[in-house]
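Q: Here you go, sequence then predicted model.
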Amino acid sequence: MLDWQKYISIADKFQYKAKPEDREDLRQDIILRLAEIEAKYNGNGNSLTEGGMVRVASFVVMAYWRDYYRTVNGFDCGRCSNQQRKRCKEGVLYAKCPKAITIDSLNKPIADEDGNITELWQVLADDKAIDLDDWLDAKLWLYRAPLRLVNIAYKKVSGLPLAASERDYLYQQRKKYQKRLAFV
């Protein structure tokens, strides 16, 4: 049987080895990993000792820091060949790792053609922003389109079912525009 209180007490001792914002996540990871290993041991008729639980928790902490390091730095030496690691060790090239991925800050200052300085986050495209050119084209299309086609478009956007005659009309209009585009 799984001893959840024991897992929680072990996890509480190790959660402080993580960054403050990740402590609760690490605690849950430790508890889950202890339960998984205990279930595996119970299937074989054994049980996990307290020393074994401490060892498992330390491995979870090690995995947390390894993942954190990979996230922040974008690389680790475990992904390099033995020859590459040997070259890095001999030449002390760890700071200039060939597999390194540099991560820029969004607050990094960027200069444009005129010499104006802005931060990187201010020049990134916003996926939720309205494309004014497309919006104006759609608005102009609505003014020029036949009223019947506009009503069909409204029904499609609203999720309402189309009548058979409306589906036929929409099919004809699509074919008409396809032919226009093909010859332009």
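A: Yes, it's here. All values reported here derive from a predicted model rather than from experimental measurement.

Q: Domain ranges for this structure, per the record?
A: 4-79, 145-183 (automatic domain parsing).

Q: Can you convert these into a markdown table and add a column each for mean neighbour count?
A: Every residue, glycine included, has its C-beta placed from N, CA and C. Listed next are the domains of the chain as a markdown table, based on neighbours: other C-beta atoms under 10 Å:
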| stretch | mean neighbour count |
| --- | --- |
| domain 4-79 | 14 |
| domain 145-183 | 11 |
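
Q: Least confident secondary structure element in the protein?
A: Each helix and strand of the chain was given a mean pLDDT (mean pLDDT, DSSP states H and E); the minimum falls on helix 132-144 at a mean of 74.

Q: how distant is the helix or strand following that one from the center of its chain?
A: Counting by DSSP states H and E, the element after helix 132-144 in chain order, helix or strand, is helix 147-158. From the chain centre to the centre of helix 147-158 is a distance of 36 Å (C-alpha atoms, centre = their mean, to the nearest Å).

Q: And helix 147-158, what does it pack against?
A: helix 164-183 (3 or more C-beta pairs under 8 Å, 6 or more residues apart in numbering; DSSP states H and E).

Q: Low-confidence ranges, this structure, go.
A: Along the chain, the parts satisfying pLDDT under 70 run over 1, 73-79, 92-104, 131, 135, 179-184.

Q: got the residue ranges for the strands in it?
A: Applying DSSP state E to the chain gives strands spanning 109-111, 117-119.

Q: which neighbours does the first one have in its sheet, and in what orientation?
A: Paired neighbours of strand 109-111 in the sheet (DSSP bridges): strand 117-119 (antiparallel).

Q: just to revisit the earlier point, quick check: which of the domains of the chain is nearest to D137?
A: Between D137 and those, the shortest separation by C-beta to C-beta is 11.9 Å, and it involves domain 145-183.

Q: tally of neighbours for D137?
A: 11 (other C-beta atoms under 10 Å).

Q: Now do it against R66, distance only.
A: As judged by C-beta to C-beta, to the nearest Å, D137 and R66 stand 50 Å apart.

Q: ok, now G91?
A: Separation of G91 from R66 (C-beta to C-beta): 24 Å.

Q: now do Q5
A: Taken as C-beta to C-beta, the span from Q5 to R66 is 29 Å.
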